[in-house]
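K.L.:
Got a sequence here, can you model it:
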Amino acid sequence: MDVYGLIGNPVGHSLSPPLHEAGYEERGLDARYVTFEPAPADLETALTGAAALGVSGLNVTIPFKQDALEFVEADALAARIGAVNTVDFAPTHESGFDSVTDPDAPAPRGYNTDAAGVTRALAYHDVPLADADAVVVGAGGAGRAAAFALADAGAEVHVANRTVERAEELAADVPAATGGGLDTLATEVPAADVLVNATSVGMEADETPVPADLLHPDLAVLDAVYAPIETRLLRDAADAGATTVDGAWMLLFQGVEAFEIWTGEEAPVEAMNEALRNRL
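P.N.:
Okay, the predicted model is just below:
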């Protein structure tokens, strides 16, 4: 039996176990998905132990996404984003590693599937990205993944963030991107084709990061928030006639991407989506 899982702290709220196990069941794979919650200081020990125990792959969440870069062989995208959310203990890598006592030992491979979560969610809803004008609200981890994903898909990206310096720093890392404060939304959103909310605004309260009067019918709006599934931003976007993509699609497709990395099989998207939405 193959064992996959999620490492983070906390992880009790995670929807990844039913999402992935629905995929294993649909594909007839002898596999399980479990959660691990090591102390924040014990990431290296946890990864070493997982490799030694024969764990096949791990998703990585808060607070470990950035620190995991130190202990994996990150692919180019994860390195550019600066975060890893999927680790593959592939057969081509020796079981177990110790980056301190044996620096030549091969590390597991690290990926960032949050980026694919953005692009695959939009593609599923027939939103074209090549030559699109895209606005990303937020310059944190989700914002970085979204900005790189959209730029790599051929979009011109503008990052708007409450702290202007963080938006400008992210824009400097992303090809041909621009950055500014939230006040730039007033000029950028009316001309945009795609809008991604990569902040937590709308999760705790019925609030939106983007004024409703900026939204328009030619816009596709992806909100990374999935609890609640219908945020105020998405309600406003629907009222404006825009295409709406809720955050569960992004959550789904980052998991789908990880599933395919680990198993080498095409993920059963519909079965995984049904399992996810049954838990929301």
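
K.L.:
Going by contacts, tell me the helices and strands next to the biggest helix by length in the chain.
P.N.:
The single longest helix within the chain, with elements called by DSSP state H, is helix 247-263. Helices and strands touching helix 247-263, by 3 or more CB pairs under 8 Å, 6 or more residues apart in numbering; DSSP states H and E, are helix 16-27, strand 57-60, strand 86-88, strand 109-111, helix 114-124, strand 220-223, helix 269-279. Just so you know, the C-beta spots here come from the backbone N, C-alpha and C atoms, and that holds for glycine as well.

K.L.:
Can I get those in JSON lines including mean neighbour count, distance to G143 and mean pLDDT?
P.N.:
Converted to JSON lines, the helices and strands packed on helix 247-263 look like this (neighbours: other CB atoms under 10 Å; distance: least, CB to CB, whole Å; pLDDT from 0 to 100):
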{"stretch": "helix 16-27", "mean neighbour count": "21", "distance to G143": "21", "mean pLDDT": "98"}
{"stretch": "strand 57-60", "mean neighbour count": "27", "distance to G143": "18", "mean pLDDT": "98"}
{"stretch": "strand 86-88", "mean neighbour count": "27", "distance to G143": "19", "mean pLDDT": "97"}
{"stretch": "strand 109-111", "mean neighbour count": "23", "distance to G143": "18", "mean pLDDT": "96"}
{"stretch": "helix 114-124", "mean neighbour count": "24", "distance to G143": "10", "mean pLDDT": "98"}
{"stretch": "strand 220-223", "mean neighbour count": "27", "distance to G143": "12", "mean pLDDT": "98"}
{"stretch": "helix 269-279", "mean neighbour count": "16", "distance to G143": "23", "mean pLDDT": "98"}
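
K.L.:
Which of these sits closest to V201?
P.N.:
Of all those, it is strand 220-223 that lies closest to V201, at 9.2 Å by CB to CB.

K.L.:
what pairs with the closest one, and is each one parallel or antiparallel?
P.N.:
With DSSP bridges as the test, strand 220-223 is paired with strand 194-197 (parallel), strand 243-245 (parallel).

K.L.:
Please identify the deepest-packed of those.
P.N.:
Mean neighbours per residue, mean count of other CB atoms under 10 Å, is largest over these for strand 194-197, with a mean of 28.

K.L.:
and it, how far out from the chain's middle?
P.N.:
14 Å (CA atoms, centre = their mean, to the nearest Å).

K.L.:
and the gap between G180 and D133?
P.N.:
G180 sits 14 Å away from D133 when distances are taken as CB to CB, to the nearest Å.

K.L.:
Repeat that for E73.
P.N.:
In terms of CB to CB, E73 sits 35 Å off from D133.

K.L.:
could you turn stretch 109-116 into PDB, dropping everything but the C-alphas?
P.N.:
Taking C-alpha atoms only, stretch 109-116 is exported to PDB below (Å, rounded to 0.1, in the frame of the first residue of the first chain):
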ATOM      1  CA  ARG A 109      11.500  16.400  -5.200                       C
ATOM      2  CA  GLY A 110       9.500  19.500  -4.300                       C
ATOM      3  CA  TYR A 111       6.800  21.100  -6.400                       C
ATOM      4  CA  ASN A 112       4.300  24.000  -6.000                       C
ATOM      5  CA  THR A 113       0.900  22.800  -7.200                       C
ATOM      6  CA  ASP A 114      -0.900  25.900  -6.000                       C
ATOM      7  CA  ALA A 115       0.100  27.500  -9.300                       C
ATOM      8  CA  ALA A 116      -1.600  24.700 -11.300                       C
END
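
K.L.:
which residues are contacting that stretch?
P.N.:
Contacts with stretch 109-116, where a contact means CB atoms under 8 Å, 6 or more residues apart in numbering, come from 68-69, 72-75, 77-78, 81, 83-88, 90, 93, 141-142, 145-146, 148-149, 152, 250, 253-258, 261.

K.L.:
contacting residues for T163?
P.N.:
For T163, the contact set (CB under 8 Å, 6+ apart) comprises A139.
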